[in-house]
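In: From the sequence below, what's the structure:
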Amino acid sequence: SRALLFARAEPKAVWERYLQCAAARADARDPHGATVAAGCEKAVVLVWRLRGKGTLATSPCAVLRPNLQDADTVVSLAWAPAEEELLVAGLASGFLVL
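Out: Numbers count the residues shown, from 1 in each chain. Here you go, the predicted structure:
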């Protein structure tokens with residue numbers, strides 16, 4: 001299972017990390033928008049929703065963290081083609097997290 005935390009509700013130290021990999025996908029509701037995910041250390045994934053108009057966000061809109069005791073670095077990310085909100089994270093230990 002995963003924990004979804006909203007970055008704006010957390011201290012900056014929770015989401016200020018070194019990015020290891022990233023994956024982006026077009027937003028089906030906004031032809032000029034996109035969702036970008038970035039993998040970090042300790043199995044943390046940061047998510048930004050970018051809109052076609054307006055200013056860029058200064059922080060991610062969500063922080064995803066699995067409930068793992070030994071959380072490794074996220075080394076790969078991939079969006080599922082048929083599921084708009086499904087993101088797969090590959091950890092350095094060889095595990096996959098949905």
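In: hey, let's count contacts and neighbours off CA atoms from now on
Out: Fine.
In: Distance check, Trp66 against Leu56.
Out: In this structure residue 66 is Pro, not Trp. Separation of Pro66 from Leu56 (CA to CA, to the nearest Å) stands at 27 Å.
In: ok, these two, which is more surrounded?
Out: More crowded of Pro66 and Leu56, by other CA atoms under 10 Å: Pro66, with 16 against 11.
In: For stretch 67-87, what does the pLDDT average out to?
Out: Regarding stretch 67-87, the rounded mean pLDDT is 87.
In: Stretch 40-57 too?
Out: Stretch 40-57 comes out at a mean pLDDT of 85.
In: Please enumerate the strands of the chain.
Out: 2-5, 19-26, 34-40, 45-50, 62-66, 74-79, 87-91, 96-97 (DSSP state E).
In: Walk me through which strands the shortest one pairs with, and which way each runs.
Out: Sheet pairing of strand 96-97 (DSSP bridges) gives strand 87-91 (antiparallel).
In: Okay, angle between the strand it pairs with and strand 19-26 too, please.
Out: 160 degrees (axes from the mean of the first three to the mean of the last three CA atoms, to 10 degrees).
In: what does strand 87-91 rub up against?
Out: 39, 43, 72-80, 96-98 (CA atoms under 8 Å, 6 or more residues apart in numbering).
In: Looking at those residues, which two lie furthest apart in space?
Out: Asp72 and Ala80 (21.5 Å; CA to CA).
In: Since that was my last question, I'll sign off now.
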